[in-house]
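Engineer: I'd like to go over a predicted model; first the sequence, then the structure.
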Amino acid sequence: MIRVTHLVKKFGDFTAVNDVSFDVAAGEIFAFLGPNGAGKTTTIKMLTTLLQPTSGAIELDGINPQVQQNQARQRFGIVFQDPSLDSELTAWENLQIHAVLYHVPGKIARQRAEELLTLFELWERRNDQVKKFSGGMKRRLEIARGFLHTPRILFLDEPTLGLDPQSRNQLWTHVKRVNETEKVTVFLTTHYMDEADRVAHRIGVIDHGKLVAQGTPKEIKERTGTESLEDAFLALTGSTIRDESAGATDQLRQFAKMWSKR
Amino acid sequence: MKVIYILWLRELKRYLRSRVQIIASLGNPILYLLVLGFGLGPVFKRAGNGDYLQFVAPGIIGMAVLFSSIFSGLGLLWDRQFGFLKETLVAPVSRMQIMVGRTLGGSTVAVMQGILITIVCLIAGFRPTHWSAIPLALGFAALIAINFAALGMAIGSGLQDMQGFQLIMNFLVMPIYFLSGALYPLTDTKAVLKYITRADPLSYGIDGMRNVLGSPSRAFDPRLDLLIMIFVGLAFLVFGAYRFSKIEA
């Protein structure tokens, strides 16, 4: 479903993603793990047409997203690390706008929105403005929205960041259910190793822009001779802390924190 | 077409739902109207230029429209990282549609702000030569709105942090306003100021409103006002669309 071959992304002298290749089969849940600044988000941005790769090839459901951008976009849904809902609008309105942007016919859109809101336990709150939602509810709504146009692939970039264990657990239950019922391929990144261990069928570990391991959680643990995925991850990527200097985006996040509760 | 419509509708809904914000954004223009309109009135009259309130009202309407429209574009900075914009950028629609929908939405909201200020001006004692002039004046307000929503979009597309936002505010938005002849007549500006004020597109938008509303101290021919607003507006739209197409989220 996703095929990446010799993918490279350079920003000036800095190589963010260095010769990465992997395959994700249809219907699979693939977790992409790595320390901060390892190249996870850059890879997701390239997969989702937001960044152009320096070299290498990407194939999504048989389509090259660099050439057939809109066809590729129609085939995937994405949940970003930062919120992307319109908080002044209601949950229902957010879904309706999404339907128009993805050319889903009105009747199908309403039907599907109802199904997804019910599944994600938001139907009762559909006419409330999103700004009145908790962090977990907003996340669920974003994921429901990502599924609205029946994509073949769903990208989740750290979807559980800042959520309590209850919300995280519930969120993954929903994602797994849609993955099974609709055979949607899921590509996710997270810092919670226990989640990756429980949810993902296969895992890829990236560090300093290079893919250092891939396989099932069991294979990775066996290869490193460790008990938990967390230990395996530390064995693969070392225990040095990656102190990135804060960029403009981090400053904005800081600012956002001051003004909102999320 | 449906995409443009829904994005336009979204801006409108957001505006109509934020009542507190509507009131808050009227505060500044009303302050200017009262303080300048009544404070400078006697001086203006003594200088032989007629009624200052009649003169300044279009300038105050222009102010409300300018700020509202340019902020709709500058808001991209925020919207790109924490808002809805990202959702639209990965959707299978062209950047052009998104840009047009947003610019039209921002302009419509700005004109509605302009209408509210017009009502306030009328209450304060402003009187156009004829009531039928008001729709024409709002036509000029719409041109101002489109011009600066597009310019805001062009700048907002490249903004990276809050400091940049402050910089634009102090070195672009405020000068555009104060150098536009919104608050003083452009008829007898001298030397450098004369050229600067004539290079400011807002000058022509506000002068256009003065022309149709029959305010004193008009500086240019109304046809010139109209032509310049249309041409500069088109240029800003092209510039805004180009810059918007270059956003890397």
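Structural biologist: Yes, it's here. From a predicted model like this one, the values you see are computed outputs, not experimental measurements. Numbers count the residues shown, from 1 in each chain, chains lettered A, B, ... in the order given.
Engineer: show me the contacts for the residue of chain B positioned farthest from its centre.
Structural biologist: In terms of distance from the mean C-alpha position of chain B, B:P92 ranks first, at 31.3 Å (CA atoms, centre = their mean). By CB atoms under 8 Å, 6 or more residues apart in numbering or on different chains, the contact set of B:P92 is A:69-71, A:73-74, A:101-103. Where C-beta positions appear, they are placed from N, C-alpha and C, glycine not excepted.
Engineer: Please list which of those residues are also close to chain B.
Structural biologist: A:69-71, A:73-74, A:101-103 (CB under 8 Å from any CB of the partner chain).
Engineer: Not counting its neighbours along the chain, what's nearest residue 128?
Structural biologist: Because you didn't say which chain, this covers chain A. A:T90 (6.0 Å; CB to CB, 6 or more residues apart in numbering or on different chains).
Engineer: not what I meant, chain B
Structural biologist: Of all residues not flanking B:P128 in the chain, B:L213 sits nearest, at 4.3 Å (CB to CB, 6+ apart).
Engineer: So that neighbour versus chain A, what's the distance?
Structural biologist: Counting by CB to the nearest CB, to the nearest Å, the separation of B:L213 from chain A is 34 Å.
Engineer: now stretch B:8-16: how far from the chain's centre is it?
Structural biologist: Distance of stretch B:8-16 from the chain centroid (CA atoms, centre = their mean, to the nearest Å) equals 18 Å.
Engineer: quick check, it touching chain A?
Structural biologist: Yes - applying CB under 8 Å from any CB, one finds that stretch B:8-16 is in contact with chain A at B:10, B:13-14.
Engineer: Can you tell me the centre-most residue of chain A?
Structural biologist: A:L156 (1.3 Å).
Engineer: just to revisit the earlier point, make JSON lines out of the ones next to chain B among the contacts of B:P92 and add secondary structure.
Structural biologist: Shown next, in JSON lines, are the ones next to chain B among the contacts of B:P92 (DSSP: H, G, I helix; E, B strand; the rest coil):
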{"residue": "A:Q69", "secondary structure": "helix"}
{"residue": "A:N70", "secondary structure": "helix"}
{"residue": "A:Q71", "secondary structure": "helix"}
{"residue": "A:R73", "secondary structure": "helix"}
{"residue": "A:Q74", "secondary structure": "helix"}
{"residue": "A:L101", "secondary structure": "helix"}
{"residue": "A:Y102", "secondary structure": "coil"}
{"residue": "A:H103", "secondary structure": "coil"}
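Engineer: could those residues go into CSV alongside neighbour count?
Structural biologist: Output for those, formatted as CSV (neighbours: other CB atoms under 10 Å in any protein chain shown):
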residue, neighbour count
A:Q69, 15
A:N70, 15
A:Q71, 15
A:R73, 24
A:Q74, 19
A:L101, 23
A:Y102, 20
A:H103, 15
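Engineer: need those in CSV with pLDDT, can you?
Structural biologist: Output for the ones next to chain B among the contacts of B:P92, formatted as CSV (pLDDT from 0 to 100):
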residue, pLDDT
A:Q69, 90
A:N70, 92
A:Q71, 93
A:R73, 94
A:Q74, 94
A:L101, 95
A:Y102, 96
A:H103, 95
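Engineer: List just the nearest of those to B:I6.
Structural biologist: A:L101 (7.6 Å; CB to CB).
Engineer: Please list all residues in contact with that closest one.
Structural biologist: A:L101 neighbours (CB under 8 Å, 6+ apart): B:3, B:6, B:87-88, B:91-93.
Engineer: List the ones among the residues you listed that fall in helices.
Structural biologist: B:3, B:6, B:87-88 (DSSP state H).
Engineer: pLDDT below threshold where in the chain?
Structural biologist: I'll assume chain A. A:243-246, A:257-262 (pLDDT under 70).
Engineer: actually chain B
Structural biologist: In chain B (pLDDT under 70), the answer is B:249.
Engineer: Spit out the contact partners of the residue at minimal distance from the centre of it.
Structural biologist: Chain B has B:L66 as the residue nearest its centroid, 2.0 Å off, counting by CA atoms, centre = their mean. Residues in contact with B:L66 (CB under 8 Å, 6+ apart) are B:110, B:144, B:148, B:173, B:176-177, B:202.
Engineer: can you map out the helices along the stretch 1-150 of chain A?
Structural biologist: Assigned helices in the stretch 1-150 of chain A, in chain order: A:40-47, A:69-75, A:91-101, A:106-119, A:135-147 (criterion: DSSP state H, counting those that start in this stretch).
Engineer: hmm, back to that, is the residue nearest to the centre of chain A in contact with A:F187, as I believe?
Structural biologist: Yes - between A:L156 and A:F187 there is a contact under CB atoms under 8 Å: 7.2 Å.
Engineer: which phi and psi does A:G62 have?
Structural biologist: The phi/psi pair for A:G62 (degrees, to the nearest 10) reads phi 80, psi 10.
Engineer: how close does it sit to A:S21?
Structural biologist: From A:G62 over to A:S21 the distance is 17 Å, taken as CB to CB, to the nearest Å.
Engineer: ok, back up a step: any chance of JSON lines for the ones in helices among the contacts of A:L101, columns neighbour count?
Structural biologist: What follows is the ones in helices among the contacts of A:L101, written out as JSON lines (neighbours: other CB under 10 Å):
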{"residue": "B:V3", "neighbour count": "21"}
{"residue": "B:I6", "neighbour count": "18"}
{"residue": "B:E87", "neighbour count": "23"}
{"residue": "B:T88", "neighbour count": "24"}
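Engineer: Reformat those as CSV; add distance to A:E115.
Structural biologist: Listed next are those as CSV, based on distance: CB to CB, whole Å:
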residue, distance to A:E115
B:V3, 24
B:I6, 21
B:E87, 20
B:T88, 24
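Engineer: So which of these reach chain A?
Structural biologist: Within the ones in helices among the contacts of A:L101, those near chain A by CB under 8 Å from any CB are B:3, B:6, B:87-88.
Engineer: which residues sit against the host helix or strand of A:Q166?
Structural biologist: A:Q166 belongs to helix A:165-182 when assigned by DSSP states H and E. Helix A:165-182 has contacts (CB under 8 Å, 6+ apart) with A:27, A:29, A:119-121, A:134-136, A:139-140, A:143, A:147, A:150, A:154, A:156, A:159-160, A:163, A:184-186, A:192, A:195, A:198-199.
Engineer: what number of residues lie near residue 173?
Structural biologist: All of this is about chain A. 10 (other CB atoms under 10 Å in any protein chain shown).
Engineer: try again with chain B
Structural biologist: 19.
Engineer: I am finished for the moment; much appreciated.
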